[in-house]
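Enquirer: Prediction below, plus the sequence it came from.
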Amino acid sequence: MIDPGSSAFWRATLALCLGSFLVFANVYITQPLMPLFRELFQLSSLQATFSLSLTTLSLGLSLLVYGPLSDALGRRRIMIVTLMAAVLVTGLISLVESYAALLWLRILQGFFLGGLPAIAIAYMGDEFSRKALLLAVGFYISGNSLGGIAGRLFGGILTDLSSWQLAFAALSLISVVGVLLFAWLLPPSRHFEPKPLRPRTMAQDLLGHLANPLLLAAYLIGGLNFFIFANQYSFVTYVLAEAPYNLPPTWLGMLFLTYLSGTLGSAVSGRVAQQLPQAQCMLIGILIMMLGSLTTLGDSLSAIIGGLLINSFGFFFCHSMASSWVNRNAHKARASASSLYLVFYYLGASSGGFYLNLFWTRWHWPGVIGGSLLILSITAAAAIWLLRQERALSAQPV
């Protein structure tokens with residue numbers, strides 16, 4: 001098994017962080033462009049969010065395919081092939097002129113982008129020791145947040161300099177180089193044990209995971225937290241694109257530098273989890289998200305940015321814990337278990353806009369925050385339940 005600090009640990013971790021970076025740069029490139037799409041294509045605020053929500057929906061549903069498939073065929077090859085296919089679709093998007101064509105290609109792109117997130121943590125679970133897994137997952141989630149930042153910055157800045165089509169073309173070229181580097185760095189699987197590809201067994205594995213209350217609670221925490229977190233960012237771009245802020249796409253893209261606090265949160269989560277129960281760490285992350293959400297209600301730009309920084313730290317801190325909790329508590333078919341977590345996660349991202357739009361249309365940004373706190377109260381309750389279960393299990397005689 002790969003241990004912390006070894007050359008294999010750093011090579012594998014760097015590769016997976018790079019892959020994660022590329023996935024989320026390609027997913028989130030459209031988020032700072034939503035106000036532009038709304039004007040350019042004469043859309044409603046909700047329709048403009050489809051450029052992101054349909055991608056995350058397709059990505060989430062694809063995980064039901066890739067996780068079980070990798071249990072049978074292996075992890076590494078699927079990650080490389082799907083990642084290359086996704087970045088080639090990014091290049092195709094740069095050639096379209098209609099919003100409908102953009103959405104269809106974003107759906108296809110989302111399907112391919114699901115390959116790496118579905119498998120990466122299962123790969124770690126196969127190859128890494130438990131201590132190495134906790135540390136590597138934190139670094140891997142950091143790649144998520146850095147990729148999200150880069151994609152949004154790239155989209156915003158290049159769109160202001162030229163056009164949104166150029167932003168997609170440039171990201172595609174850079175991503176191709178990144179995929180080649182990913183394939184070179186990632187070590188081959190040495191502890192993977194293939195299972196026959198049996199659809200009935202795959203369905204039984206998925207149902208078994210859903211019947212495990214320890215996994216189901218973590219699925220709900222990850223999905224509902226992202227249901228709120230990702231879509232708060234979508235609606236705050238509308239707030240800041242309007243008076244009195246009037247921020248252009250470049251500055252809206254820079255807004256997502258607040259994800260850097262999430263990079264820190266996920267990076268330190270593994271170390272904190274060595275001192276505190278993982279469920280307690282999830283609860284701490286959710287409470288921090290609540291604090292950050294409330295802080296954004298301030299009228300000043302600095303209050304909004306400060307709240308998003310707090311929010312991002314709490315979200316990624318909790319997400320790192322929830323995703324590693326799933327891998328730790330899945331006793332078989334780990335890729336399927338991790339994939340199912342991400343299905344909840346991305347279905348949350350793709351559907352949260354519909355929920356928050358109800359509050360946005362009636363009460364604007366304060367309504368979005370009120371709706372957010374309702375959902376975060378549910379995830380906090382789930383984390384408290386998990387903490388009680390964790391303590392009960394640790395108190396049982398061995």
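Expert: Sure thing, it's come through. Residues are numbered from 1 along each chain as shown.

Enquirer: Stretch 127-134: which residues count as buried?
Expert: 127, 128, 132, 133, 134 (16 or more other CB atoms under 10 Å). Where C-beta positions appear, they are placed from N, C-alpha and C, glycine not excepted.

Enquirer: Bridged to the residue nearest to the first one when sequence neighbours are not counted, which residues?
Expert: If I follow you right, that is residue 127. Nearest non-adjacent residue to residue 127, counting by CB to CB, 6 or more residues apart in numbering: residue 2, 5.2 Å away. Beta bridges link residue 2 to residue 128 when assigned by DSSP bridges.

Enquirer: residue contacts, residue 2?
Expert: 8, 9, 12, 127, 128, 129, 132 (CB atoms under 8 Å, 6 or more residues apart in numbering).

Enquirer: Can you spell out which helices and strands pack onto the helix or strand harbouring the second one?
Expert: This means residue 9. Residue 9 is located in helix 7-28, with elements delineated by DSSP states H and E. The criterion is 3 or more CB pairs under 8 Å, 6 or more residues apart in numbering; DSSP states H and E, and the helices and strands that helix 7-28 contacts are helix 50-73, helix 76-93, helix 99-113, helix 115-127, helix 130-161, helix 164-185.

Enquirer: so which of those helices gets nearest residue 197?
Expert: helix 50-73 (3.8 Å; CB to CB).

Enquirer: hang on, residue 127 packs against residue 13?
Expert: No: judged on CB atoms under 8 Å, residue 127 makes no contact with residue 13 at a distance of 10.6 Å.

Enquirer: on that earlier part again, which one of the helices and strands packed on helix 7-28 is the most hemmed in?
Expert: Neighbour counts (mean count of other CB atoms under 10 Å) averaged over each of the helices and strands packed on helix 7-28 peak at helix 115-127, with a mean of 27.

Enquirer: how far out from the middle of the chain is that one?
Expert: Chain-centre distance of helix 115-127: 14 Å, with CA atoms, centre = their mean, to the nearest Å.

Enquirer: Show me what it is packed up against.
Expert: helix 7-28, helix 50-73, helix 76-93, helix 130-161, helix 301-329, helix 334-395.

Enquirer: Can you lay out the buried residues of stretch 127-134 as CSV showing pLDDT and distance to residue 70?
Expert: CSV is the format used below for those (pLDDT from 0 to 100; distance: CB to CB, whole Å):
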residue, pLDDT, distance to residue 70
127, 83, 13
128, 84, 16
132, 82, 20
133, 80, 17
134, 74, 22
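
Enquirer: Out of those, the closest to residue 268 would be?
Expert: Relative to residue 268, and with distances defined as CB to CB, the nearest of these is residue 134, at 11.4 Å.

Enquirer: got a list of what that closest one touches?
Expert: 270, 273, 274, 324.

Enquirer: Excluding sequence neighbours, find me the nearest residue to it.
Expert: residue 270 (4.2 Å).

Enquirer: which residues of this structure score low on pLDDT?
Expert: For the chain, the stretches with pLDDT under 70 are 194, 335, 394-398.
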